[in-house]
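*Asks:* Sharing a model that was predicted from the sequence below.
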Amino acid sequence: MKPLIGKIALVTGGSRGAGRGIAVELGKAGATVYITGRSTQGSSTNNWPGTIDDTVAQIEAAGGKAIAIRCDHTNDAETEAVIDQISTEQGKLDILINNVWGAHDLGVEGKPFWELSLKNWDTMFTAGVRAQLATNHFAIPLLRENKQAIIIHTTFWDDNKYTGQFYYDLAKNALVRMAYGLSIELKQDNIAVLAVSPGFMRTELVLEHFQVKEANWQESDDLKRTETPYYIGRGIQALASDPDIMKKTGQVLKVGDVAKEYQFTDIDNRYIPPFSL
């Protein structure tokens, strides 16, 4: 079954990590997926593994349809051009996944706030929170033309616990609040807005950091509680396929809770419970 056939989706930050996992699972479910990011074939940000073209190839190999658009979401003109292209080519947008996140460029340091560089604001707010806000700004008029649509922000949230890094905590909670505020403003348009929080993901960069590969990650004790990026992908696919999703609008959900409700597992057939600090 492909519950998202006929749906048009946009996944920002889709070169690797959660964005790639989400895009792949939406594509497998039948959606036509537009994927944005800065990394393209032969020109990957910081020479990291993964590009938007790789994500498209993976979706197509699974029988899905995807379109890559290079976009730096800190550039409003580029973000607006993405929405214009989708409008021209498809005439609609049903699913918006706000996943773009710039903090990988600097990393997350566990120092006290006063010892952290103010560059953390640029990576986590300008290239994170504001980039997602700008995507909403340009996409919502197109989404409002539908009878029903969904916006999802990927974030990190653990029952309001402090994450341990000031800027990261502030930015991730800002995304939760953005989803909540938009859910109120867009309720009359039948657009559900949620924030979804994965656990500790074995992204390409995490595997690289721990010097393991997906085939042998179990050798690292530090990765015992991890999940693949396809776990959140399956969760978001389930939410986007739910005809009663408006009942959840405004909420922030942990992927483990979504998995329990919609009865799915990670790609290795494991159920991973909700992540907690």
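*Replies:* Nice, I can see it. Numbers count the residues shown, from 1 in each chain.
*Asks:* now the helices for the stretch 101-250 of the chain?
*Replies:* 119-121, 130-143, 166-185, 204-209, 229-241 (DSSP state H, counting those that start in this stretch).
*Asks:* Give the next helix or strand downstream of the last one.
*Replies:* In other words, helix 229-241. strand 252-254 (DSSP states H and E).
*Asks:* Now do the buried residues in that next one.
*Replies:* Of all the residues in strand 252-254, those buried under the rule 16 or more other CB atoms under 10 Å are Val252, Leu253, Lys254. No exception for glycine: its C-beta is placed from N, CA and C like everyone else's.
*Asks:* do stretch 269-277 as well
*Replies:* Ile272, Pro274, Phe275.
*Asks:* re earlier: now, which of the buried residues of strand 252-254 sits nearest Ala240?
*Replies:* The closest of the buried residues of strand 252-254 to Ala240 turns out to be Leu253 (CB to CB; 12.7 Å).
*Asks:* any idea of the pLDDT on that closest one?
*Replies:* Leu253 carries a pLDDT value of 98.
*Asks:* do His209 as well
*Replies:* What the model reports for His209 is a pLDDT of 88.
*Asks:* Then Gly110?
*Replies:* The model reports Gly110 with a pLDDT of 78.
*Asks:* So what's the residue count around it?
*Replies:* 10 (other CB atoms under 10 Å).
*Asks:* same deal with Thr126?
*Replies:* Thr126, neighbours per other CB under 10 Å, totals 14.
*Asks:* ditto for Glu89
*Replies:* Using other CB under 10 Å, Glu89 has 11 other residues around it.
*Asks:* in the stretch 51-200 of the chain, which spans are strands?
*Replies:* Secondary structure of the stretch 51-200 of the chain, counting by DSSP state E, counting those that start in this stretch: strands at 65-70, 95-98, 149-154, 191-197.
*Asks:* for Met201, what are its contacts?
*Replies:* By CB atoms under 8 Å, 6 or more residues apart in numbering, Met201 lies in contact with Gly17, Ala18, Gly21, Thr226, Glu227, Thr228, Pro229, Tyr231, Ile232.
*Asks:* Glu227 is in contact with Gly21, correct?
*Replies:* No - using CB atoms under 8 Å, Gly21 is not in contact with Glu227, being 9.6 Å away.
*Asks:* got any ranges where the protein has weak pLDDT?
*Replies:* For the chain, the stretches with pLDDT under 70 are 103-108.
*Asks:* contacting residues for Glu204?
*Replies:* With contact set as CB under 8 Å, 6+ apart, Glu204 has these partners: Arg16, Gly17, Trp48, Pro49, Gly50.
*Asks:* Over to the last one. Which of the three states is it?
*Replies:* Using DSSP: H, G, I helix; E, B strand; the rest coil, the structure places Gly50 in coil.
*Asks:* And it, how far from Ala77?
*Replies:* Distance, Gly50 to Ala77, using CB to CB, to the nearest Å: 25 Å.
*Asks:* between those two, who's got more neighbours?
*Replies:* Shown here are Gly50 and Ala77; by other CB under 10 Å, Gly50 has more neighbours (21 against 8).
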